[in-house]
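Q: build me a model:
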Amino acid sequence: MTMCKVEKARRKQEKIDRLMEGAGLPPYLEGLAWDDFQELNGGLKEAKMTAKMAGEGWQTGIFFHGPKGTGKTMLAYLIAKERIKRGTPTMFVFVPELLGKYRAAYHDANMEDPSKIAKDADLLVLDDIGAERATAWVAEQLMELINYRYSNRLQTIFTSNYSLQELAEHLAAGGDVVSGERIASRIMGMTVAIPVTGEDWRARE
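A: Below you'll find the predicted structure:
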């Protein structure tokens with residue numbers, strides 16, 4: 001008997017929720033809605049419009065990039081929040097935290113495999129890629145995850161303080177130039193790159 005799509009999605013979300021203690025949505029953004037994102041310039045207006053399309057079900061990946069504090073994570077959060085409401089198995093994770101879960105799983109045989117859960121999420125948000133310390137191991141893990149999702153056409157949302165070229169250079173700083181370039185190339189092939197620029201929101205608080 002084939003499992004119905006709804007039940008399959010529910011079980012997939014349950015695995016994500018167990019790993020992340022929920023879908024992984026940042027608690028500090030809880031309660032925020034689209035109207036809370038201020039379109040202070042034309043670029044931010046375009047970024048919000050693209051994010052809303054993704055929240056409504058647009059299947060293309062997005063690479064939000066720009067300086068810190070411009071609202072990249074908030075846009076990714078709003079997309080994830082909308083898609084969860086619509087029943088899409090969604091995982092939102094700060095990239096250094098995900099790599100920490102990878103390391104923890106090596107030492108805990110009872111822990112569900114975080115790499116498999118991240119690979120299989122219908123929508124995966126990788127928040128702040130490039131914030132991790134660059135090493136050959138980090139590049140290897142990211143390459144495996146991103147290549148899997150690229151090959152299987154699974155929607156992935158990225159946020160980063162780096163452009164794609166800068167991200168490749170960051171990962172190369174760990175001694176793995178080829179993987180850095182390959183990762184950036186895969187991301188380029190699976191997303192639209194959207195700059196999110198402007199004043200640091202935190203400076204206005």
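Q: make it CA atoms for all contacts and neighbour counts henceforth
A: Fine.
Q: in its sheet, what does the helix or strand hosting residue 62 sit against?
A: Secondary structure assignment for residue 62, by DSSP states H and E: strand 61-65. Strand 61-65 has its sheet partners listed here by DSSP bridges as strand 155-160 (parallel), strand 191-195 (parallel).
Q: contact partners of the following helix or strand past it?
A: The first helix or strand that comes after strand 61-65 along the chain, using DSSP H and E, is helix 72-85. Residues outside helix 72-85 that contact it (CA atoms under 8 Å, 6 or more residues apart in numbering): 25-26, 29, 32-34, 37, 48, 51-52, 54-57, 64-66, 89-92, 123, 125, 127-128, 157-160, 196.
Q: same question for stretch 22-42.
A: For stretch 22-42, using CA under 8 Å, 6+ apart, the contacting residues are 13, 16-17, 44-45, 48, 71, 74-75, 77-78, 80-81, 90-93, 198.
Q: report the buried members of these.
A: In terms of neighbour count (16 or more other CA atoms under 10 Å), the buried residues within those are 13, 16-17, 44, 48, 71, 74-75, 77-78, 80-81, 90-93, 198.
Q: any chance of CSV for the strands paired with strand 61-65, columns mean pLDDT, distance to residue 183 and mean neighbour count?
A: Shown next, in CSV, are the strands paired with strand 61-65 (pLDDT from 0 to 100; distance: least, CA to CA, whole Å; neighbours: other CA atoms under 10 Å):
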stretch, mean pLDDT, distance to residue 183, mean neighbour count
strand 155-160, 98, 12, 25
strand 191-195, 97, 12, 19
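Q: roughly how far apart are residue 44 and residue 113?
A: Distance, residue 44 to residue 113, by CA to CA, to the nearest Å: 37 Å.
Q: hang on, I meant residue 144
A: Taken as CA to CA, the span from residue 144 to residue 113 is 14 Å.
Q: would residue 57 count as being in a helix?
A: No: under DSSP: H, G, I helix; E, B strand; the rest coil, residue 57 sits outside any helix and is assigned coil.
Q: residues contacting it?
A: residue 83.
Q: check it and give its pLDDT.
A: Looking at residue 57, its pLDDT is 95.
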